[in-house]
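In: sequence first, predicted model second:
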Amino acid sequence: MGARAVRGAAALVGAAEFAGLAARLRARAQAGGAGGPRGALAYLTPTQVRVAAGEIRTGRSISLAAPVETRPSPDNPDPARHEMTAWHRPEAGASGHGLHFARDRFATNVHGDADTHLDALCHVVYDGTLHGGVPASTVTADGARELTVALARDGIIGRGVLLDLPRLRGVPWLEPGEQVTAGELAAAETAQGVRVREGDLLLVRLGHRRRRAELGPWDPAEGRTGLHPEAMEFVADRRVAVLGCDGNSDAAPSRTEDVAYPVHVLAVHALGVHLLDYLRLEDLAPVCAAEGRWSFFCVVAPLRLPHATGSPVNPIAVL
């Protein structure tokens, strides 16, 4: 998966250490008002949305989503399916006169490793519960009854902040298996002259998309860069409303004993933080660098899916 030596391979996080971290973060979320059904979205108030609108200076908008792919690849073996249901077919005797419609439909695996999507709070089941102690039995074959993506039906709108970790380390991307610590997130803030505040949408660039574009796709289960579990202390300290990444925030292979996706457990289950997975930040990062500012107005609009555990999204940054 690359010739450069892997850095940032942290020591194993033991089961007891992880359980203690999860308990601390859960208690902090409850104390801060994020223990309810909206989770950390409770930190994002209408006042903060109005203030975030002040981030707009040039009016330039940038998509933070990757194009939806319909061809299989190592990281996307079950891609979205696009089917045309009506089109112009002169060979079938269709007349060129009058009104005709082209029609199509899509089917997608929301929680894959390629397409950009939002994880709802019902997505992570841990020790028989969802966020806030909601029983896992509320998720059935018919869909979820609580903590669904419908909690974000009116959109997630606020101040976005981009922290660029390859820029901090002076590399084009972080290699699969590397992990980002809370200290590095704070160091990126300092280097970029920005501060993550309560209610922000924190977006972390790891370089996953650039590596994929230049070296080709790979199976992320074999190796993926992500955040170290203790980096969730930073997320809790700043009362982040939403966490997004150009991977899925979790490193692979996991260095946490008996937990394959520790960041998902800590972010979604303990802190009630919605996750944005597999963003495309390669268009945004150079604009932020050129303008010397790393905060912006951000809009995330999931589909109106009442019983779903997540949704495809096309987040938009407005600078």
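Out: Received the coordinates, thanks.
In: pretty sure residue 163 contacts residue 294?
Out: Yes. Using C-beta atoms under 8 Å, residue 163 is in contact with residue 294, at 7.3 Å. Any C-beta I mention is one placed from the backbone N, CA and C, and that applies to glycine too.
In: for these two, list the residues in contact with both.
Out: 192, 194 (C-beta atoms under 8 Å, 6 or more residues apart in numbering).
In: how long is stretch 229-238 from one end to the other?
Out: For stretch 229-238, the separation between the terminal residues is 16 Å (C-alpha to C-alpha, to the nearest Å).
In: also stretch 113-127?
Out: Stretch 113-127: ends 24 Å apart by C-alpha to C-alpha.
In: A strand includes residue 297, no?
Out: Yes. Assessed by DSSP: H, G, I helix; E, B strand; the rest coil, residue 297 belongs to a strand.
In: that one and residue 73, how far apart?
Out: Distance from residue 297 to residue 73, counting by C-beta to C-beta, to the nearest Å: 33 Å.
In: so between these two, which is more surrounded?
Out: For residue 297 and residue 73, the more surrounded residue by other C-beta atoms under 10 Å is residue 297, and the numbers stand at 22 against 15.
In: so who does the more buried one touch?
Out: 52, 53, 55, 56, 157, 158, 159, 160, 317, 318, 319.
In: give me the beta-bridge partners of it?
Out: Beta-bridge partners for residue 297, by DSSP bridges, are residue 159, residue 318.
In: pLDDT at it, what is it?
Out: Turning to residue 297, the model gives it a pLDDT of 98.
In: assumed residue 166 was part of a strand.
Out: No. Assessed with three-state DSSP, residue 166 is helix; it does not lie in a strand.
In: phi, psi for the closest residue to it other than its chain neighbours please.
Out: Residue nearest to residue 166 in three dimensions, not counting chain neighbours: residue 207, with 4.3 Å by C-beta to C-beta, 6 or more residues apart in numbering. Residue 207 adopts backbone torsions of phi 90, psi 10, taken as degrees, to the nearest 10.
In: which residues touch residue 207?
Out: So residue 207 contacts 165, 166, 171, 172, 173, 174, 225, 246 (C-beta under 8 Å, 6+ apart).
In: mark which of those residues are buried, thanks.
Out: With burial judged by 16 or more other C-beta atoms under 10 Å, the buried subset of the contacts of residue 207 is 165, 166, 173, 174, 225, 246.
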